[in-house]
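> What would the 3D arrangement of this be:
(2 chains)
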Amino acid sequence: MEQQVTVAIIEDHPVVTEGVASWIRSDPGQRVRLVLTARDLTGLQSGQGPSADVVILDLELSGELVTAQIPGLVADGYRVVAFSGHSEPTIVMETLDNGAHAYVSKEEGRDHLVEAVLAAATDRPYVTRSQARAMLADQRPDRPTLSQQEQQALLLWFQGMTKASVGRRMSISENTVRQYISRARAKYAATGRTAQSKDALLARAIEDGVIKPGEIVPYQSFARAAANRPSLGAPGQ
Amino acid sequence: MTAIQPTATMAGRYQRAFTIAVVVLVAGWHLVGGGGQLLDYRSAYGSFAFQCAMWLVMALAITAGSLLVLRGTPSWRAAWAVALVALVASTAAAAASPASEMLAVNWAWGSAGWTGVLVLLRRRFSELAWFLAAEALATLGVQVWDGLTRTDLAGFLAVLAWSTGAQVAVAAGVRALDLAAGQAATAARSEDAARERAATAEIIRAARHARWLSLQGSAAPLVAELAAGTADPGDAQVRIRCAVQAARLRRLLAEGDEVPGSLVHELHASADVAERRGVAVEIETAGPLPAVPGPARRVITDAAIAILTDARSQARITLAAVAAGIAVSFVADTGAVVQLPSAGAGVAIEHQQDGGMLWAEARWNSR
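Residues are numbered from 1 along each chain as shown, chains lettered A, B, ... in the order given. You can find the predicted model right below:
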C-alpha cells in the first residue's frame, strides 16, 4: 500500500490507548498512522468530513455502551472497528448490525487489531474468532442463512485453528477458507439496518468475487451499494 | 424403582367405583322397588298403561343419567335435564294415581329422588337439596290438590323421612368416600415419593462410592509411592501422572455439583489444574448448549484431561452448539501426538496435528 491508513482511537483508558498506539508503531510495514486519540466521541464530530479513515472505538466509554453511536460515525464517513471487552454475542451482533466493519475483543487486540483496521480501510471483511463466535451463536430469526461449508469454516476458526489448518481439515485451500468466512460476513452485511459501511463491504465483496449478487438476500442493499460505489474509493483518496 | 402413580388417576379410579355402585343402586331401586310396587298395585291405578309409560320414561332418564355420570361429572344442563324429566314423570304418575291410596301406590317418588341423586351426585350439594325439595313439594302438591287429610300428611312425612333421608345419606356417603379416596391417593403418592427419594439417594451414594473406588485404584497408589519415595517427583513421568490424577480429582469433585451447564463447569475444573502448571487455558462457548448426559461428559472431560496434561503453554477449549448436539474442541501446543481416550457414549472424537499444534474435537450427538 503506497499510502498509510489514518486511524483515530476513541478509548477512555489511557493505558489501553497507549497499548494500541504501540501495536500500531510496531507494525513492520508502518501501514497505519495514528492521527487522533480521544476519550470520547466529541472530538470526531467536527462536521468537516472524516478526520481519519478508520476509528478504533471502545464500546464502553465512561461506563456507557456507545453501540448506538456507531450509525452516526458511519454516516460521517468513518469506518469503525470496535475494540471492546464486551464479547457477548448480542453486543457483537448489534455492533456489526449498526455498521461497524469489524469487532476485535481486547484479548485479540495484539494479533488482530492492526489487520482489522487495514481490512476495514479497504472495506474488506475481517472476522475475528470472537466475531465468528457471535455469528455461530446468532439465534435471531432474521439471521442470514449460511451454507454448511461457511458454517464449518466459521466453527473451526472459532475453535482456534489457523486458517491453514482449517483448510487442511476441510480439504480446501487457505484462500477458500478466507472466502467462506468472508462470504458469511458479507451475508451479515446484507441483513438488518442499512448503513453505507455495510453497502461498501458488500460492494467490495462482490468486486473481489467473494459473493455473487444472487447470493445476497435483500436485493435492494446490493442495488444501493452499487449505486453508491463511485463515492467509496480506496482509503486516503 | 416404583413408578409414581399420579394422585388424580388413583383417586379417579375410586370415584369411578363409587359411581358404578350408585348406578347399580339407582337402577336396582327402579327395577325392583319401583317396578315391584307398580306390578303389585296394577289394579289400583286408573290407567295402568299410563303408569307403565311413566315408568319407562323414568327408566330412560336413569339410563341417560347413568351414561352421563359414567363419562365424568355431567354439565349442569345435562344433569338438570335428566332430573327434570324424572320430576315431571313422577309428578304425572302421582297425579294419575287414585287420591285415597296415592302414597301407597306411588312408585315414582322414590325412583325420581334416586335419579336426582345419580345425576347431581358430584355437583354442588345444594343442587341435590333443591331437587329433592322440589320433588317432595310436587308430591305434596298433588296430595293437596286431591284433598289433604291428616293421615295423608303423616304418611307423606314418613315417606319423606325414609326415602329422602336414605337418598341424602347415600349422596353424603359418596362425598365422604370421594374425599377419603383423594386423601388416600395423596398419602400413597407421598409414600412413593419417599421411596423414590431413598432410591435416588442410594444411586448418589453408589456413584460416590464408585468415584472413591476409582481414586483408590489410581490416585491412592501414586500418593503412596510418593510418600514411600519409590516415585521421584523430579521424574517427568511422575509429574505427568500427578497432573492427571489432580485433574481427575478435580473433575470428580465437580461431577458432584449439580450446576446448570455442568460440562462447562467440569471442563473449567480440568483446566484449573493445567493453569496451575502455567498453561494459559481459555474456554469459550457459542450458542445455547444442550445438556450432555453423564457418561458422554466423562468421555469429553477425559479427552480434555489428556490434552491439557500435554499442553505446553496454551490451550483453547470451545463448546459450540451444533445440529442435534455439541462440539467441544481443543487446540493446544502439545508438541507430539496425544494419546486420546477412545470415543463412546455417543461421543465421536477427531483430531488433527499441525506441527506442534493439536486440534481435537469431541462431538456428542443427542440422536
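
> CA only for contacts and neighbour counts going forward, please
Will do.

> care to break chain A down by domain?
A:1-125, A:140-230 (automatic domain parsing).

> chain center to the shortest one: distance?
Spelled out, that is domain A:140-230. 12 Å (C-alpha atoms, centre = their mean, to the nearest Å).

> Now A:A116. Nearest residue, chain neighbours left out?
Nearest residue to A:A116 in three dimensions, chain neighbours excluded: A:Y126, at 5.6 Å (C-alpha to C-alpha, 6 or more residues apart in numbering or on different chains).

> Comparing the domains of chain A, which yields the minimum mean pLDDT?
Note on the domains of chain A: lowest mean pLDDT is at domain A:140-230, with a mean of 82.

> Could you measure from B:A210 over to chain A?
34 Å (C-alpha to the nearest C-alpha, to the nearest Å).

> B:A187 now?
46 Å.

> need the domains of chain A in CSV with mean neighbour count, can you?
What follows is these, written out as CSV (neighbours: other C-alpha atoms under 10 Å in any protein chain shown):
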stretch, mean neighbour count
domain A:1-125, 19
domain A:140-230, 19
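
> Which residue does the stretch 201-350 of chain B have closest to chain A?
As assessed by C-alpha to the nearest C-alpha, chain A sits closest to B:G287 within the stretch 201-350 of chain B, at 3.9 Å.

> need the contact list for that residue.
A:136-139, B:320-321 (C-alpha atoms under 8 Å, 6 or more residues apart in numbering or on different chains).

> and which of those residues is nearest A:E174?
Nearest to A:E174 among those: A:L136, at 20.3 Å, using C-alpha to C-alpha.

> Alongside chain A, which residues does the stretch 201-350 of chain B contribute?
B:285-288, B:316-318, B:320-321, B:329-331 (C-alpha under 8 Å from any C-alpha of the partner chain).

> What sits closest to the most centrally placed residue in chain A if chain neighbours are left out?
For chain A, the residue nearest the mean C-alpha position is A:A102 (1.9 Å; C-alpha atoms, centre = their mean). Sequence neighbours aside, A:V81 is the residue nearest to A:A102 in space, at 5.0 Å (criterion: C-alpha to C-alpha, 6+ apart).

> Tell me the residues of chain A that contact chain B?
Residues of chain A lying near chain B (C-alpha under 8 Å from any C-alpha): A:133-134, A:136-139, A:155, A:158-161, A:165, A:169.

> Which of those residues fall within helices?
A:133-134, A:136-137, A:155, A:158-159, A:165, A:169 (DSSP state H).

> related to what we said a few turns ago, possible to save the domains of chain A as CSV with distance to B:A99?
As requested, these are exported to CSV (distance: least, C-alpha to C-alpha, whole Å):
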stretch, distance to B:A99
domain A:1-125, 89
domain A:140-230, 82
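
> now for those domains, which one comes closest to B:G34?
Of the domains of chain A, nearest to B:G34 by C-alpha to C-alpha is domain A:140-230, at 71.0 Å.

> Now rank the contacts of B:G287 by neighbours and give me the top one.
B:A320 (24 neighbours; other C-alpha atoms under 10 Å in any protein chain shown).

> Correct me if wrong: that residue contacts B:V328.
Yes. B:A320 lies in contact with B:V328 (C-alpha atoms under 8 Å); the separation is 6.5 Å.

> After the helix or strand hosting B:R248, which helix or strand is next?
B:R248 is part of helix B:236-256 when elements are defined by DSSP states H and E. For helix B:236-256, the following helix or strand on the C-terminal side (DSSP H and E) is helix B:262-276.

> residues of that following helix that come out buried?
Buried positions in helix B:262-276, judged by neighbour count with 16 or more other C-alpha atoms under 10 Å in any protein chain shown: B:262-275.

> by contact count, what packs against the lengthiest helix in chain A?
Using DSSP H, we find that the single longest helix of chain A is helix A:174-189. Here helix A:174-189 touches helix A:89-97, helix A:148-159, helix A:163-170, helix A:196-207, going by 3 or more C-alpha pairs under 8 Å, 6 or more residues apart in numbering or on different chains; DSSP states H and E.

> mind putting these in a markdown table, distance to B:W80 included?
Output for those, formatted as a markdown table (distance: least, C-alpha to C-alpha, whole Å):
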| stretch | distance to B:W80 |
| --- | --- |
| helix A:89-97 | 61 |
| helix A:148-159 | 65 |
| helix A:163-170 | 75 |
| helix A:196-207 | 72 |
